[in-house]
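J.: Just a sequence and a predicted model for now, questions to come.
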Amino acid sequence: MINYIKKEVKKHAFDYLILLTASIFFILALNLFRGERFLEFVILLAFVSFYVVWGVYHHAMNDHLSIKIVLEYVMIGFIFLFLLKIIILP
Amino acid sequence: MSFSRIRDYFHHLFFPKEDNHFRPKILHLDFLSYYLLLSLFLTFLFKYTPLSNILGYATDITVEKLYELTNQERKKHNLPPLNYSEKLSRAAYQKALDMFNKNYWAHFGPNGETPWQFILNAEYEYEYAGENLAKNFLFSENVILAWMNSKTHRENILRKEYTDIGFAVVNGTLNGEPTTLVVQMFGRPLSSNLVRNLSEKKPVSNFSSFANSEVLANNEQKPKINVTSFLFNFNLGFISILILTLIIDFYLAAKMGILKIRFTGKNLAHFIFLGFLAIGLFVISQGEIL
């Protein structure tokens, strides 16, 4: 499994670097605007949207993009957007 | 249903096998659709049903817990516990209402209102007084921890001159956002000698430091259901289950050599996304202190 992860990261180093950078910025932005509920939600929405776009871009670049894969990213992203929204903006 | 059937179904849910097309069932699109519907249902449930009126805002902060934790911190530093003061709590409540009514988030109001005005208006004649503020925290523990990690707030909590304390946890709308404010007020009443001199000489007020942060709670109504803890743990548990399933799936699929021939989303990417969401959940549970 570790070997596969190494190969995967090495093969798509740029993609994963972008994803990790965006994720770190997500945490930094949340921390920066702690207690500002609306901004926290905007940051979460931006992160989820970025994740869906990243998924589509990543699979499109590798020639195996399908509607099922797009839906998988959309659903995982938006499930947690709605669940966290209840806490941020009840 | 026999044990073996339950075991098979469990495997069907969590392990990649031929009968689930080599992808754990709980990661299939139909199951993801159910989670999405559930999350939408919960969103509307808490927003539009009478349940939201009971729950008010998504925080789990109580005056009792704040009082208990504050005195615990003082005990750790060999300081006497503070007495709960109804007058100081009334002052704290009036301060929180004033912030909501005049739409500000500070120790001093836009028209020059001072924290000690609220204390004096509550008929508490003080020799020493102080104020800590917080907003939009989720849990009482985090409020006290944030104050203790801030030098000025910590000094207020651990000041030996104080004998009384009051709290208010009030929900309202600040700058157009649902907000929970926590106001903590400290005091030491004037001694009888000073009271006698009061008519001749104005007492010197001694406010050490003032701190603001956002918290959500209500002095008048307590949540009947611990919804914040439930939602927080539900999110954390759900993320953990998905991450665990992704790891199991990734490990077994790599072992079976089917990762390259399987056209699904990338487990590693989902893992990174969910991991950072879990960290984000802990950041969100923290509010703001000034």
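T.: Thanks, I have the structure now.

J.: pretty sure B:Asp164 is touching B:Leu88, no?
T.: Yes - counting by C-beta atoms under 8 Å, B:Asp164 touches B:Leu88, with 5.6 Å between them. Any C-beta I mention is one placed from the backbone N, CA and C, and that applies to glycine too.

J.: Backbone dihedrals for the residue of chain A found nearest chain B, both of them.
T.: Closest contact between chain A and chain B, by C-beta to the nearest C-beta, is at A:Gly35 (2.8 Å). Backbone geometry at A:Gly35, expressed as degrees, to the nearest 10, gives phi 90, psi -10.

J.: Let me see the ranges of the helices in the stretch 151-290 of chain B.
T.: For the stretch 151-290 of chain B, the helices defined by DSSP state H, counting those that start in this stretch occupy B:151-157, B:192-197, B:227-256, B:267-284.

J.: Can you lay out those as TSV showing mean pLDDT?
T.: Formatted as TSV, the helices of the stretch 151-290 of chain B follow (pLDDT from 0 to 100):
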stretch	mean pLDDT
helix B:151-157	93
helix B:192-197	50
helix B:227-256	88
helix B:267-284	93
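
J.: Save those as TSV, and put in distance to chain A too.
T.: Formatted as TSV, those follow (distance: least, C-beta to the nearest C-beta, whole Å):
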stretch	distance to chain A
helix B:151-157	15
helix B:192-197	39
helix B:227-256	5
helix B:267-284	4
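
J.: and those helices as a markdown table, adding mean neighbour count?
T.: Formatted as a markdown table, the helices of the stretch 151-290 of chain B follow (neighbours: other C-beta atoms under 10 Å in any protein chain shown):
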| stretch | mean neighbour count |
| --- | --- |
| helix B:151-157 | 19 |
| helix B:192-197 | 11 |
| helix B:227-256 | 17 |
| helix B:267-284 | 20 |
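
J.: Redo those as JSON lines? Include distance to A:Ala13.
T.: JSON lines is the format used below for the helices of the stretch 151-290 of chain B (distance: least, C-beta to C-beta, whole Å):
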{"stretch": "helix B:151-157", "distance to A:Ala13": "43"}
{"stretch": "helix B:192-197", "distance to A:Ala13": "71"}
{"stretch": "helix B:227-256", "distance to A:Ala13": "19"}
{"stretch": "helix B:267-284", "distance to A:Ala13": "12"}
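
J.: Identify the residue nearest the geometric centre of the chain.
T.: No chain specified, so I'll use chain A. Computing the C-alpha centroid of chain A and ranking residues by C-alpha atoms, centre = their mean puts A:Tyr51 first, at 2.8 Å.

J.: what residues are up against the residue lying closest to B:Tyr251 once chain neighbours are set aside?
T.: With C-beta to C-beta, 6 or more residues apart in numbering or on different chains as the criterion, B:Tyr251 has its nearest non-adjacent residue at 4.9 Å, and that residue is A:Met1. Contacts for A:Met1 (C-beta atoms under 8 Å, 6 or more residues apart in numbering or on different chains) come out as B:250-251, B:254-255.

J.: give me that answer again for 7 Å
T.: Contacts for A:Met1 (C-beta atoms under 7 Å, 6 or more residues apart in numbering or on different chains) come out as B:250-251, B:254.

J.: B:Phe22 too?
T.: Neighbour list for B:Phe22: B:16, B:253, B:258, B:262 [criterion: C-beta under 7 Å, 6+ apart].

J.: Name the SS class of it, please.
T.: The three-state label given to B:Phe22 by DSSP: H, G, I helix; E, B strand; the rest coil is coil.
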